[in-house]
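J.: What follows is a predicted protein model with its sequence.
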Amino acid sequence: MKLGISTASFFNRVQTESSFDILRQMRVDTTEVFLNTYSEYEKPFVDALIPRRGNIRVHSVHCIGTQFEPQLFNANARVRGDAEILFRKVCYAGFMLGAKFYTFHGPVRLKKRDNDFEYQKLGNRINQLIEIAQSYGMNLSYENVYWTYASFPEYFKQLLKVCPRLYTTLDVKQAVLSGYDPIKFMDAMGDRISTVHLCDVDKQDKTALPGKGKVNFEKIFRELDRLGLNVTALLEAYSRDYTDINELKDSYDYLEKVWARVKSR
């Protein structure tokens, strides 16, 4: 397992293009680049990021999925087509930054519904998106998020039957907010996990820096180690959960110590 920090952790504090300098100052060499808005999907912006990346390894790219990802599943072909234009731009960004994975949210839950998904229909569309991503040298990695379709472990178990080339992203805090032990999602995702997002949750179910809440990260790391998965685990914090960059670095150091403890056993 490789540890890093997502640039999403700097949202509203540091512009995307300046995130690499902060990571270097923190002596962090692995990241997920979070693209915040439409202008950041454009080729001139992405191309300008490349020299600023330097020696930072970009594992994956992510974006605010609600801006277009649900529309990729719209029944209207024109709506889908417009969304695909943006999807391709993010895939281009990932390719140019050297990433191998696109962290994906997919459709959202706009109202209460039973978990009666048409997995074959959903899977057919996701397989089309996988084809597009792979044409850019990217892999689609579907993340569990409590306010999307992907809010329960069985969703992944069923979808992976239809989409054998799909990868997954385990988001620890999202699992907890969905009401599940993250290990349940890990079991459902199996060996398709490419990425893990690390954020804590306190007793009031509010997000917190790892080490400041109730999540047992040692248990999660032990399970990842037992499975022998070659994943990248990224601290993905909310900027509201810390007041100083040093607090973020302290949380990263905490995760490194937990991982070292697991590996030493």
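T.: Looks like it came in fine.

J.: part of a strand, is residue 102?
T.: Yes: looking at residue 102 with DSSP: H, G, I helix; E, B strand; the rest coil, it is inside a strand.

J.: Let's verify residue 4: helix, strand, or coil?
T.: Going by three-state DSSP: residue 4 is strand.

J.: Report the beta-bridge partner residues of it.
T.: Beta-bridge partners of residue 4, counted by DSSP bridges, are residue 234.

J.: Residue 133 and residue 127 touch, don't they?
T.: No: with contact defined as CB atoms under 8 Å, residue 133 does not count as touching residue 127 (10.6 Å). For glycine as for every other residue, the C-beta is placed from the backbone atoms N, C-alpha and C.

J.: residue boundaries of the strands in the stretch 1-150 of the chain?
T.: Along the stretch 1-150 of the chain, counting by DSSP state E, counting those that start in this stretch, strands occupy 2-6, 30-35, 57-63, 101-104, 139-143.

J.: so what secondary structure elements neighbour the fourth one?
T.: What it means is strand 101-104. Counting contacts by 3 or more CB pairs under 8 Å, 6 or more residues apart in numbering; DSSP states H and E, strand 101-104 packs against strand 57-63, helix 77-97, strand 139-143, strand 167-171, strand 193-198.

J.: which one of these has the most crowded surroundings?
T.: Most buried of the helices and strands packed on strand 101-104, by mean neighbour count (mean count of other CB atoms under 10 Å): strand 167-171, with a mean of 28.

J.: This structure: helices as residue ranges?
T.: Secondary structure of the chain (DSSP state H): helices located at 19-25, 43-53, 77-97, 119-135, 153-162, 172-177, 182-189, 217-227, 245-263.

J.: Contacts for the fourth one, please.
T.: For helix 119-135, contacts defined as CB atoms under 8 Å, 6 or more residues apart in numbering pick out 72-73, 84, 87-88, 91, 102, 104, 106, 139-140, 142, 149, 158-159, 161-163, 165-166.

J.: at 6 Å instead, please
T.: Helix 119-135 is contacted from outside by 73, 91, 102, 140, 158, 159, 162, 163, 165, using CB atoms under 6 Å, 6 or more residues apart in numbering.

J.: of all those residues, which two lie farthest apart?
T.: Across the contacts of helix 119-135, the longest distance by CB to CB is 25.4 Å; it joins 91 and 158.

J.: So for stretch 124-131, what gets flagged as buried?
T.: Neighbour counts over stretch 124-131 (16 or more other CB atoms under 10 Å) mark 126, 129, 130 as buried.

J.: Kindly format the C-alpha coordinates of that stretch as CSV.
T.: Extracted in CSV, the C-alpha atoms of stretch 124-131 (Å, rounded to 0.1, in the frame of the first residue of the first chain):
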residue,chain,number,x,y,z
ASN,A,124,-23.8,-1.8,-20.1
ARG,A,125,-23.4,2.0,-19.8
ILE,A,126,-20.5,1.7,-17.4
ASN,A,127,-18.8,-0.7,-19.8
GLN,A,128,-19.1,2.0,-22.5
LEU,A,129,-17.5,4.5,-20.1
ILE,A,130,-14.8,2.1,-19.3
GLU,A,131,-14.0,1.8,-23.1
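
J.: where's it relative to the chain centroid, distance-wise?
T.: 18 Å (CA atoms, centre = their mean, to the nearest Å).

J.: switch to numbering from 292
T.: Sure thing, new numbering starts at 292, so read that last one as stretch 415-422.

J.: Tell me where the model's unsure across this structure.
T.: In the predicted model of the chain, residues 403-405 satisfy pLDDT under 70.

J.: Show me the residue sitting in the middle of it in space.
T.: residue 394 (4.4 Å; CA atoms, centre = their mean).

J.: distance of residue 304 from residue 529?
T.: Remark: distance between residue 304 and residue 529 (CB to CB, to the nearest Å) = 11 Å.

J.: In terms of neighbours, single out the busier of those two.
T.: It is residue 529, of residue 304 and residue 529, that has more neighbours when counted by other CB atoms under 10 Å, with 16 against 13.

J.: Quick one: neighbours of the residue nearest to the more buried one when sequence neighbours are not counted, just the number.
T.: Excluding the flanking residues, the one nearest residue 529 by CB to CB, 6 or more residues apart in numbering is residue 498, at 5.2 Å. Look at residue 498: counted by other CB under 10 Å, it has 18 neighbours.
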